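K.L.:
here is a sequence together with a model predicted from it:
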Amino acid sequence: MAIETNGNGNGKVVLEVKNLHTYFFNRWGTVKAVDGVNFAVRQGETLGIVGESGCGKTMTALSLMRLNPKPASRIIDGEINLDGEDILRRSEKDMRDIRGRKISMILQDPQTSLNPVYTVGNQLIEALTHRREHAKDLKTEAEESLRSVRVAAPQRRLHDFPHQMSGGMKQRVVGAIAMACDPMVIIADEPTTALDVTIQLQYLRLLKDIQVETGMSIIFITHDFGIVARMCDRVVVMYAGRVVEEGPVRGIFNNPSHPYTEALIGSVPKLEERVERLYQIEGQPPALYDLPVGCRFAARCPHVKDKCLEEYPDNFDADENHTAACWRLDEIWDKLPSSSK
Amino acid sequence: MQRYLIYRVGQSFIALIGVSMLVFFLTRLSGNVLDLMLPIEATPEDFERVEKAWGLDKPIVVQYGLYMKNVLQGDWGESWKWGSGALEIVLEKFPATVQLAAFTLAISTVMGLTIGIIVATKKDTPFDWGGKIVALLGQSLPSFWLGIVLMWVFAVLLGWLPTSGRGGITHMIMPAVTLGWFNVAALMRLTRSAMLEVLDSEYVKLARIKGLPEWKVIWKHCLRNAAIAPLTYFGLVAGFLLTGSVVTETVFAWPGTGLLAVEAVQARDYQVVQAVVLFMASIFIASNLVVDILYAYLDPRIRYN
């Protein structure tokens, strides 16, 4: 029951990520957290990034803002074209101007993402001063921006400290801060994971409403396929630092083409069924400092053949605008011998 | 906030009363003072007469009550060694200690905080390693040794600084380094670890997401959150320094309260001992109270609970 937005795939591309690599370097070796990620986001569209913990979702998001942990990690290759320019080529000083104004982010845990020692108003105004034009005075603007995220009595709330607010309210404030300068793209990194289920729904609606009003693009990071179905127009599935499947939300649900996507969708419990044990994907994802040559899911895949262990698959078309990196989609698959192991 | 203040001031008073009792009763445990005060040829009648005159024949609880009544009226007893008021003696030595303490505190706090912040933001670089060496030396060099070595190098060999005594700012440099290096090291390490924790927090991430310049992220968003642990330490150090350092004051012949305390104990001049300890305790408690008020200023969660 997706809320329809401008997800028809016709909007202008505002963010294009090409071959992005973000590696961590430590004394034990190189951790390939993001290892050749490609995707694009159109104006007014919601793109979901799905995958289990440690698959590189959050590192991808932080890399998009060039806020990956430093000096532990570095973006070593790729392009991030935001509004027509590659931000990886910009200086750190330019980046400060881009952050908040062109691309922004809502963090996962509202309990810790506001500074406990400053008032909400102080933190909000700080984000607003970043905007060049000041139509009215900052306090009125701050009130308005709280009103836009449906906070009641905003003029009073401005003087509150974060600890005087509920989790849902704090997350709205974080949203107001992130959207203070009307960014083109907003990254929402599991913004509802820490909220009650009822508040979650309210928050998701709010994000959608604001998207309809402002036409911003949302990158929604989650591991919850229920939220994906509700929020997203297109989905990118990540596994072990790479995109394994990409397509429109309907295509992904109706025709999951990568065994990992199939397994992820299969592990969503269904209300109408009674089962003894919940479905789980056997095994563990590979260690990111010691990746196999072939398909990274091969060790957990029920369909594995020798080819999968030897060579990483290309992106094959599954159906319209829908690709998956799996040898099963190759026409030679049926002729391949099954696994010798 | 008002409730918090009243509560903390009340606690401080209770602590002061406790200290005064301890001081009073403990000094009484050191033996009969009359043995010390009266000449060897004094008769039992003399003893009885003096005992009466000083009120020493009354029960000890009554003596304590009388003592406290006098203390509150500004009469802290008479020194038998120096022959003047005990409080006056303490107050006479106190400015020297305050001067050295304030100088040391100011320098070591500024240095400890600044170096701590720098090494935290430059973690695992040569800055950080350099900071670690400064901290290691500061925390392991004993002050009596450091004081003497400094004196030998800068006063005897180089002749840049005066060896000892109280005078201009040049007289304070070596005692301040001796007293302060340890504090710089401790403050630096506390600041570093607190800053590292805060730098890793989500609200710092959000501050960067907003596009704030790095100096604002560090000096506005990090420092105030990271200041609690260094502030606690600052309170303790302020107390220690303001009550006078026995070793450093002795090495540099600095005429402060630390020296006075040692001399009073050696002479069993218990009115002065009482006065010194009570005075030091008051300063200590006051500096802790100030720190507690500063906590509330720094962190609204303390202010509102």
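P.N.:
Structure's in. What do you need?

K.L.:
was I right to think A:Glu262 contacts A:Pro256?
P.N.:
Yes - taking C-beta atoms under 8 Å as the definition, A:Glu262 is a contact partner of A:Pro256 at 4.5 Å. For the C-beta atoms, the positions are set from N, CA and C on the backbone; glycine is no exception.

K.L.:
among those two, which residue is more densely surrounded?
P.N.:
Between A:Glu262 and A:Pro256, counting by other C-beta atoms under 10 Å in any protein chain shown, A:Pro256 is the more crowded of the two (22 against 18).

K.L.:
tell me which element the more buried one falls in.
P.N.:
Following DSSP states H and E, one finds A:Pro256 outside all helices and strands.

K.L.:
ok now do it, which residues does it touch?
P.N.:
Applying C-beta atoms under 8 Å, 6 or more residues apart in numbering or on different chains to A:Pro256 gives the contacts A:245, A:262, A:264-265.

K.L.:
could you list the low-pLDDT ranges of the stretch 201-305 of chain B?
P.N.:
When residues are selected by pLDDT under 70, those of the stretch 201-305 of chain B lie in B:304-305.

K.L.:
now the helices: where do they sit in chain A?
P.N.:
Taking DSSP state H, the helices of chain A run over residues A:57-64, A:92-98, A:110-113, A:120-128, A:138-148, A:154-157, A:167-178, A:197-214, A:225-231, A:249-254, A:259-266, A:306-310.

K.L.:
tell me which other helices or strands the first one touches.
P.N.:
Here helix A:57-64 is seen to pack against strand A:13-26, strand A:29-42, strand A:46-50, strand A:73-82, strand A:185-189, strand A:217-222 when contacts are counted using 3 or more C-beta pairs under 8 Å, 6 or more residues apart in numbering or on different chains; DSSP states H and E.

K.L.:
turn the contacts of A:Pro256 into a markdown table, columns for distance to chain B and pLDDT.
P.N.:
Formatted as a markdown table, these follow (distance: C-beta to the nearest C-beta, whole Å; pLDDT from 0 to 100):
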| residue | distance to chain B | pLDDT |
| --- | --- | --- |
| A:Glu245 | 29 | 94 |
| A:Glu262 | 34 | 90 |
| A:Leu264 | 27 | 88 |
| A:Ile265 | 30 | 87 |
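
K.L.:
how much space between the most centrally placed residue in chain A and A:Ser63?
P.N.:
Geometric centre of chain A, nearest residue: A:Ile221, 2.8 Å, by C-alpha atoms, centre = their mean. Using C-beta to C-beta, to the nearest Å, A:Ile221 is found at 12 Å from A:Ser63.

K.L.:
now the helices of chain A in CSV, with distance to A:Trp327?
P.N.:
Below are those laid out as CSV (distance: least, C-beta to C-beta, whole Å):
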stretch, distance to A:Trp327
helix A:57-64, 24
helix A:92-98, 39
helix A:110-113, 42
helix A:120-128, 47
helix A:138-148, 48
helix A:154-157, 55
helix A:167-178, 40
helix A:197-214, 36
helix A:225-231, 24
helix A:249-254, 19
helix A:259-266, 10
helix A:306-310, 5
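
K.L.:
these: which one's closest to B:Gly83?
P.N.:
B:Gly83 lies closest to helix A:120-128 among the helices of chain A, at 60.2 Å (C-beta to C-beta).

K.L.:
average pLDDT for the closest one?
P.N.:
Averaging pLDDT along helix A:120-128 gives 90.

K.L.:
what is that helix packed up against?
P.N.:
Helix A:120-128 is packed against helix A:138-148, helix A:167-178, with contacts defined by 3+ C-beta pairs under 8 Å, 6+ apart.

K.L.:
and the contacts of that helix?
P.N.:
The contact list for helix A:120-128, computed with C-beta under 8 Å, 6+ apart, reads A:100, A:114-115, A:138-139, A:141-142, A:145-146, A:157-162, A:165, A:173, A:176-178, A:180-181, B:207, B:210, B:212.

K.L.:
buried set for that helix?
P.N.:
Neighbour-count burial for helix A:120-128, counted by 16 or more other C-beta atoms under 10 Å in any protein chain shown, picks out A:120-121, A:123-128.

K.L.:
so A:Ala194 sits against A:Thr112, correct?
P.N.:
No - if you go by C-beta under 8 Å, A:Ala194 and A:Thr112 don't touch, sitting 9.1 Å apart.

K.L.:
overlap in contacts, the two.
P.N.:
Counting by C-beta under 8 Å, 6+ apart, nothing touches both A:Ala194 and A:Thr112.

K.L.:
before we move on, back to that, from the contacts of A:Pro256, which is closest to B:Ile6?
P.N.:
Nearest to B:Ile6 among the contacts of A:Pro256: A:Leu264, at 58.1 Å, using C-beta to C-beta.

K.L.:
list the contacts for that closest one?
P.N.:
Listed by C-beta under 8 Å, 6+ apart, the contact set of A:Leu264 reads A:50, A:52, A:225, A:237, A:256, A:281.

K.L.:
now these in JSON lines, with pLDDT and distance to B:Phe284?
P.N.:
JSON lines is the format used below for these (pLDDT from 0 to 100; distance: C-beta to C-beta, whole Å):
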{"residue": "A:Val50", "pLDDT": "92", "distance to B:Phe284": "59"}
{"residue": "A:Glu52", "pLDDT": "86", "distance to B:Phe284": "55"}
{"residue": "A:Phe225", "pLDDT": "86", "distance to B:Phe284": "61"}
{"residue": "A:Val237", "pLDDT": "94", "distance to B:Phe284": "63"}
{"residue": "A:Pro256", "pLDDT": "92", "distance to B:Phe284": "69"}
{"residue": "A:Ile281", "pLDDT": "82", "distance to B:Phe284": "61"}
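
K.L.:
could you identify the most distant pair in these?
P.N.:
Greatest spatial distance among the contacts of A:Leu264 (C-beta to C-beta): A:Glu52 and A:Pro256, at 15.3 Å.

K.L.:
residue 24: neighbour count?
P.N.:
As the question left the chain open, I've gone with chain A. The tally of other residues near A:Phe24 (other C-beta under 10 Å) stands at 19.

K.L.:
hmm, no, I was thinking of chain B.
P.N.:
B:Phe24 has 19 neighbours, counted by other C-beta under 10 Å.

K.L.:
counting by contacts, list what the strand or helix carrying it packs against.
P.N.:
B:Phe24 is part of helix B:2-28, with elements assigned from DSSP H and E. Counting by 3+ C-beta pairs under 8 Å, 6+ apart, the packing neighbours recorded for helix B:2-28 are helix B:60-72, helix B:270-298.

K.L.:
at 6 Å instead, please
P.N.:
If you count contacts as 3 or more C-beta pairs under 6 Å, 6 or more residues apart in numbering or on different chains; DSSP states H and E, helix B:2-28 packs onto helix B:270-298.

K.L.:
distance from the following helix or strand past the helix it packs on to the middle of the chain?
P.N.:
Under the assignment DSSP H and E, the closest C-terminal helix or strand after helix B:270-298 is helix B:300-303. Relative to its chain's centre, helix B:300-303 lies at 26 Å (C-alpha atoms, centre = their mean, to the nearest Å).
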